[in-house]
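Undergrad: Pasting the sequence and the predicted model now:
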Amino acid sequence: MLVDAVAMLRERGYAANATNQFDTLLDDYDVREPDLVIFGGMVPPEKKERMRADIRELNPQVTFMQGLGGIAPLLIAQVEEFAKGAASGVEYDASARAFHITLDAAASVMVEGLWARFVPPEPVAQSTLVFNGELAAGAHQIAIPDEVPEQGSYAAVRIGDRVSAFQIGETPASVKRIAADQSLPAPTPVTTHFPWT
């Protein structure tokens, strides 16, 4: 998943790298250069706090973000939301399982449902295109289809060149237990070393 996410970000022009080797982070990267650091859910809380402090000491301008889920397209949406700004006029109605979108002018809109099947130690991404088309100015409702699970699901809503990432389904208790289980097999080591430029 990490390598896929880096490749997708690089294709979009972002200078991205990724690692799951937390103990060697400061040795592997010059952390004075990134604008954004995203932590995945499998980073233990105490390690995350230590890395935040270490990185902030070297790079006071960096922004930290918590990844919503271990899904490459969702990570891309979070990075684009940070870089370009969130899509405006978007609200998620959990009781109706629908997005309410209000547009001041006609715009291209895309809504993608995202989720994962968790196969330890890494998730396998799943997605469905919920809507992709031009919408007129005004209020619109876009329902989330049944194929998007009620638990552990997310959505990326793109309006023009802006995007917002949403968690639309609660994290299942089984995934929370897996994330807290320190006896899981270690994931395959990943540390990409692409130049930042």
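TA: Sure, I can see it. Residues are numbered from 1 along each chain as shown.
Undergrad: drop to CA atoms for contacts and neighbour counts, all remaining ones
TA: Will do.
Undergrad: three-state assignment of the most centrally placed residue in the chain?
TA: Nearest to the geometric centre of the chain sits Leu75, at 2.6 Å (Cα atoms, centre = their mean). Using DSSP: H, G, I helix; E, B strand; the rest coil, the structure places Leu75 in helix.
Undergrad: Contacts only, for it.
TA: By Cα atoms under 8 Å, 6 or more residues apart in numbering, the contact list for Leu75 reads 5, 67-69.
Undergrad: do Ala96 as well
TA: Taking Cα under 8 Å, 6+ apart, one finds Ala143 in contact with Ala96.
Undergrad: any idea of the pLDDT on it?
TA: Per-residue pLDDT puts Ala96 at 96.
Undergrad: now swap in Gly13 and tell me
TA: Gly13 is assigned 93 on the pLDDT scale.
Undergrad: For it, give its distance to Gln78.
TA: Distance, Gly13 to Gln78, by Cα to Cα, to the nearest Å: 15 Å.
Undergrad: Comparing those two, which shows the higher neighbour count?
TA: Neighbours per residue (other Cα atoms under 10 Å) separate Gly13 from Gln78, with Gln78 holding more: 23 against 10.
Undergrad: Give me the phi and psi for the closest residue to Arg158 other than its chain neighbours.
TA: The shortest distance from Arg158 to any non-neighbouring residue, by Cα to Cα, 6 or more residues apart in numbering, is to Met110 (5.0 Å). The phi/psi pair for Met110 (degrees, to the nearest 10) reads phi -130, psi 130.
Undergrad: quick one: low-confidence ranges for this structure?
TA: Along the chain, the model assigns pLDDT under 70 to residues 120-122, 172-187, 197.
Undergrad: so where do the helices sit in it?
TA: Under the criterion DSSP state H, the chain carries helices at the ranges 2-11, 25-28, 45-58, 72-84, 173-180.
Undergrad: Pull out the buried residues from stretch 113-132.
TA: 113-116, 122-123, 125, 127, 130 (16 or more other Cα atoms under 10 Å).
Undergrad: Give the burial count for the residue nearest to Arg158, as a bare number.
TA: The burial count for Met110: 18, using other Cα under 10 Å.
Undergrad: how much space between Val31 and Ala15?
TA: Val31 is 13 Å from Ala15, by Cα to Cα.
Undergrad: ok, now which ones touch Ala139?
TA: Contact analysis of Ala139 by Cα under 8 Å, 6+ apart lists 100-103.
Undergrad: Quick check: of those, which lies closest to Glu170?
TA: Of all those, Glu170 sits closest to His100, with 19.4 Å by Cα to Cα.
Undergrad: Tyr92 versus the closest one, what's the distance?
TA: For His100, the distance to Tyr92 equals 6 Å [Cα to Cα].
Undergrad: Return the residues in contact with Thr63.
TA: For Thr63, the contact set (Cα under 8 Å, 6+ apart) comprises 35-37.
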